[in-house]
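Student: just a sequence and a predicted model for now, questions to come.
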Amino acid sequence: MHLRNLKFHIRTHRNSNNTSAPNITHPNTSTTTNANQCALCSDFCADRKTVIEHYRDFHNIPIEHKKLTFQSEEEFITWKLSFENDTNCKYVVNYQKCFKSHVAASFNCHRSGRYVPEGKNIRHLKILGSRKINALCPASIKIKKLNNGTCEVTIMDKHVGHQNDIGHLNLSKTERENLAVKISSKVPFEDILDEIRDSITDSELKRLHLLTKKDLYNIEACFNLCSSSVRHKNDIISVESWINDMQSNGDAVLFYKPQGSESEEWPMLKNEDFVLIIMTAAQCEMLKIYGTDCICIDGTHGMNNYDFELITLLVVDDFRQGFPCSFLVSNRSDKQVLKIFFHFAKSRLGTALCPNVFMSDMAEAFFNAWIKIMSPPKFRLYCSWHVDQAWRKNLSKINTKEKH
């Protein structure tokens with residue numbers, strides 16, 4: 001007999017006048033992963049609804065529903081995070097279903113359910129034990145998101161079978177990311193723990209205040225912070241960490257403007273713009289030596305999924321080989337951003353460059369930005385590859401016209 005058939009049999013054949021009928025225990029079902037079990041008397045019930053009725057009728061536990069309405073899903077998420085923080089509990093997704101008129105979802109108490117060991121069950125449980133109570137906790141949040149964006153929420157906030165202990169909570173996503181930034185910035189674990197301990201107040205104790213070195217090691221492994229190349233699985237945090245290292249160990253980063261921030265010095269940069277300018281001391285010396293001969297500007301597209309462009313400022317050395325002297329990584333390559341690029345190169349050099357030859361592709365933005373910041377070159381050349389591509393493109397147009 002399948003378990004679902006047994007549940008159907010219990011629901012359809014129980015005697016409503018018999019007070020002991022709803023609580024039916026079966027020797028095979030008590031060992032399954034199904035947690036429809038009373039946390040107080042260990043009776044197994046057919047479904048979640050029956051367990052809640054059992055709590056109300058047999059254990060005289062008042063279980064009430066509260067209804068709230070939110071104008072948007074973002075408003076609901078903000079409330080849910082605040083509610084979990086205030087009550088020291090967490091509600092995890094149980095199911096989500098889509099209908100024509102709305103989307104329904106249910107969140108259950110994270111301690112409700114049965115502990116199921118993973119792997120070969122060799123490792124011992126933690127001192128606190130499993131967060132699962134091997135029974136059903138009736139606390140839940142049900143949400144109905146209508147097509148107009150309004151969210152109708154039903155809350156059942158009565159917990160049964162456990163206390164809302166902060167020791168069984170996880171660190172929030174924001175807390176983990178903030179700690180990951182500190183770890184990626186090479187802040188010692190002891191300093192992080194001391195800072196957390198110093199922030200404890202008598203009136204409020206949160207999960208973050210119970211932080212241990214084990215938590216920090218887990219975060220370090222989860223975000224791949226042991227790697228020197230990829231410091232964080234979140235690219236933004238990884239770049240921030242790398243730049244912090246570069247700025248603390250030298251002055252290679254001339255300018256950095258992350259996305260999501262404003263620049264008071266350069267108001268032409270938008271909130272969504274990303275600009276990173278790099279020039280090491282060795283690159284600066286090479287630019288001083290060979291910058292009066294030939295300057296080359298090269299743009300590389302399609303570097304990553306963010307559609308950023310790498311613009312490289314090169315010189316030609318004694319062996320007539322190109323040597324990169326500065327880099328610009330940005331989502332823009334127009335005249336305004338290029339002027340910023342050349343401005344910081346000029347500031348680092350201490351003087352404006354006046355090369356004999358200025359070579360770039362056929363876009364006017366490179367040359368126009370250069371003559372606004374630096375001195376005009378004696379000769380202006382186009383890259384042979386771009387000239388060849390332009391010839392091929394125009395020849396194909398001519399051939400097409402002749403055929404017609």
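Tutor: Received, thanks.
Student: quick check: next helix or strand after the lowest-mean-pLDDT helix or strand in the chain?
Tutor: Scoring the helices and strands of the chain by mean pLDDT, DSSP states H and E places helix 3-13 at the bottom, with a mean of 66. Counting by DSSP states H and E, the next helix or strand C-terminal to helix 3-13 is helix 48-58.
Student: name the residues that touch the helix or strand following that following helix?
Tutor: Per DSSP H and E, the first helix or strand lying C-terminal to helix 48-58 is strand 66-70. Residues outside strand 66-70 that contact it (CB atoms under 8 Å, 6 or more residues apart in numbering) are 76, 79, 150-157. The way it works is simple: take the backbone N, C-alpha and C, and place the C-beta from them, glycine included.
Student: strand partners of strand 66-70, parallel vs antiparallel please.
Tutor: Using DSSP bridges, the strands paired with strand 66-70 are strand 151-156 (antiparallel).
Student: and the next element down the chain from the partner strand?
Tutor: Counting by DSSP H and E, what follows strand 151-156 is helix 173-184.
Student: what packs against that following helix?
Tutor: Applying 3 or more CB pairs under 8 Å, 6 or more residues apart in numbering; DSSP states H and E, one finds that helix 173-184 contacts helix 189-198, helix 213-222, helix 235-249.
Student: re earlier: just among the contacts of strand 66-70, which is most surrounded?
Tutor: With neighbours taken as other CB atoms under 10 Å, the top of those is Cys151, carrying 22 neighbours.
Student: ok, that residue to Lys66 distance?
Tutor: Note on Cys151: its distance to Lys66, by CB to CB, to the nearest Å, is 14 Å.
Student: for Asn356, same thing?
Tutor: Counting by CB to CB - Asn356 and Lys66 are separated by 78 Å.
Student: how about Lys142?
Tutor: Taken as CB to CB, the span from Lys142 to Lys66 is 11 Å.
Student: shared neighbours of those two, anything?
Tutor: Counting by CB under 8 Å, 6+ apart, the residues touching both Lys142 and Lys66 are Thr154.
Student: these two: which is more packed in?
Tutor: Neighbour count, other CB under 10 Å: between Lys142 and Lys66, Lys142 has more, with 18 against 10.
Student: what strands flank the helix or strand harbouring that one, and is each parallel or antiparallel?
Tutor: Following DSSP H and E, one finds Lys142 within strand 140-146. Partner strands and pairing direction for strand 140-146 (DSSP bridges) are strand 102-109 (antiparallel), strand 151-156 (antiparallel).
Student: the strands in the stretch 201-350 of the chain, which residues?
Tutor: Under the criterion DSSP state E, counting those that start in this stretch, strands of the stretch 201-350 of the chain are mapped to 253-257, 275-278, 294-300, 309-316, 322-330.
Student: let me have those strands in TSV, extended by distance to Cys284, mean pLDDT and mean neighbour count.
Tutor: Shown next, in TSV, are these (distance: least, CB to CB, whole Å; pLDDT from 0 to 100; neighbours: other CB atoms under 10 Å):
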stretch	distance to Cys284	mean pLDDT	mean neighbour count
strand 253-257	10	92	18
strand 275-278	11	94	21
strand 294-300	14	90	19
strand 309-316	11	93	19
strand 322-330	7	93	20
